[in-house]
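sequence first, predicted coordinates after that:
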Amino acid sequence: MDLRKEVTAAKLTDDLVVDILSRLTYKDFCRCKCAYKAWSAFSSDPDYRKKLPKKVTTGLLYQARDKSAIPLVSLSRDDGEIDGILADVPHYEHLEFLDCCNGLVLCKYKSSYTSPGICRFVVCNPATREWRVLPDTFVGTDSYRHTTILAFDPSWSPHFYVFNFSHSLVDKLEMFSSGGSTWLVDDKWDPEITFSWRKPQLFLNGMLCVQIDGQQVLVFEGLETMSYDILPYHYTIDLPFDSSPVNSFTDGCFDKSSGILHYALPDRSGRSIIVWTLDDYAHCLLHWTVKCHLNMEDAFGRKDLVYYDNGGISGASDWFWNCDYRILALDLERELVVLSDNKTMKLISYNISTGELNEIRDGIEEHRYYVPCYSELPAQEPSV
């Protein structure tokens, strides 16, 4: 957007801007939000967001254990399952779904021509049918364990970032920015920082937040410096103290609402989901407060949502805490929680407004929450 148009837009009142945006299709509205960041804040305003275009398709991406196609299970009642969401990605013999973030999808791929020890990634935007192949990384053999995370937020930056954590004999962290052309390597990565690929994560206001072992959140900031071959800095913050008894046995879920970090986890009885908010984060107060409780007892129609396994021959009878459900996605702005019901082996959604559960589909494979993004991928930077 040129300067003259920006000045003209700045003269309009918020009410007039929202009225104009409300007349657009959802796809055009998304493009406007990416072009002019001030407009993206309207989606978080409780009064304005009711007037703005709604999302057409939100859903859950997953891949079966046989690494077959990557379908999208839509959460819209009038839209069935959409097969082949990544149909336009160049064909590879082995395409493995790893992560998605704000409309972009990250996959690992290889073919019969891929040399041993080489790891290749491709980032795709299913909504615009674009894809971008990342430079090769040399990670050793496939027996090494890796956790790979995608970070992207078009309202903050047009660039995406990929973090590849290696849990091999030599722990290291590889980082890629679409604003550069090479991987950056932190070969002094602290091996004490460990987490599994299932741990919750969120990209918020230019910060990547990942839950790690030890009831903490690992936070990366300064990602924009990666375009200049400068490593971002990181630190840890503690999760809510009263979440620790349950955090040892199950994963919670992050969400961003009104630009603030939220964390959700079942309580010890399983009869409610507690949602905490990290208040006044910009002033580094780092204080978690309870935002709300979501009633699971009424939603499931029963109280017995938690059971215990014993700790072995000499272990306590109530050593291992188990819950009938697990939180897959939390979207407070759309008043939606996605759960996996381990008892019925179904995916279900919980409506925060009505307190009702709705069945999505059978099966509880690992899913990632998908929201379409209609901004174009950044242009490929030339290699030096």
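Looks like it arrived, so ask away. Residues are numbered from 1 along each chain as shown.

what's the spacing between E333 and C100?
Distance, E333 to C100, by C-beta to C-beta, to the nearest Å: 18 Å. In short, each C-beta sits where N, CA and C put it, glycine included.

who has more neighbours out of these two?
Set E333 next to C100 and count neighbours by other C-beta atoms under 10 Å: C100 wins out with 24 against 13.

phi, psi of the more buried one?
phi -150, psi 150 (degrees, to the nearest 10).

cool, S227 as well?
phi -70, psi -20.

check contacts around it.
Counting by C-beta atoms under 8 Å, 6 or more residues apart in numbering, S227 touches 159, 177, 179-180.

show me those that map onto helices.
Among the contacts of S227, none falls in helices (DSSP state H).

from those residues, which land in strands?
In strands, defined here by DSSP state E, the members of those are S177.

ok, which pair from the contacts of S227 is furthest apart?
Maximum pairwise distance in the contacts of S227, criterion C-beta to C-beta, is 9.0 Å, between H159 and G180.

mind listing the strands for the stretch 251-384 of the chain?
Secondary structure of the stretch 251-384 of the chain (DSSP state E, counting those that start in this stretch): strands at 253-257, 260-266, 272-279, 287-295, 306-309, 320-323, 325-331, 336-341, 346-351, 357-362, 367-370.

JSON lines for the ones you listed, including distance to D229, mean neighbour count and mean pLDDT?
Converted to JSON lines, the strands of the stretch 251-384 of the chain look like this (distance: least, C-beta to C-beta, whole Å; neighbours: other C-beta atoms under 10 Å; pLDDT from 0 to 100):
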{"stretch": "strand 253-257", "distance to D229": "29", "mean neighbour count": "21", "mean pLDDT": "92"}
{"stretch": "strand 260-266", "distance to D229": "29", "mean neighbour count": "23", "mean pLDDT": "94"}
{"stretch": "strand 272-279", "distance to D229": "31", "mean neighbour count": "20", "mean pLDDT": "93"}
{"stretch": "strand 287-295", "distance to D229": "36", "mean neighbour count": "14", "mean pLDDT": "94"}
{"stretch": "strand 306-309", "distance to D229": "49", "mean neighbour count": "14", "mean pLDDT": "87"}
{"stretch": "strand 320-323", "distance to D229": "45", "mean neighbour count": "16", "mean pLDDT": "90"}
{"stretch": "strand 325-331", "distance to D229": "35", "mean neighbour count": "22", "mean pLDDT": "94"}
{"stretch": "strand 336-341", "distance to D229": "39", "mean neighbour count": "22", "mean pLDDT": "94"}
{"stretch": "strand 346-351", "distance to D229": "42", "mean neighbour count": "19", "mean pLDDT": "94"}
{"stretch": "strand 357-362", "distance to D229": "44", "mean neighbour count": "15", "mean pLDDT": "90"}
{"stretch": "strand 367-370", "distance to D229": "30", "mean neighbour count": "22", "mean pLDDT": "88"}
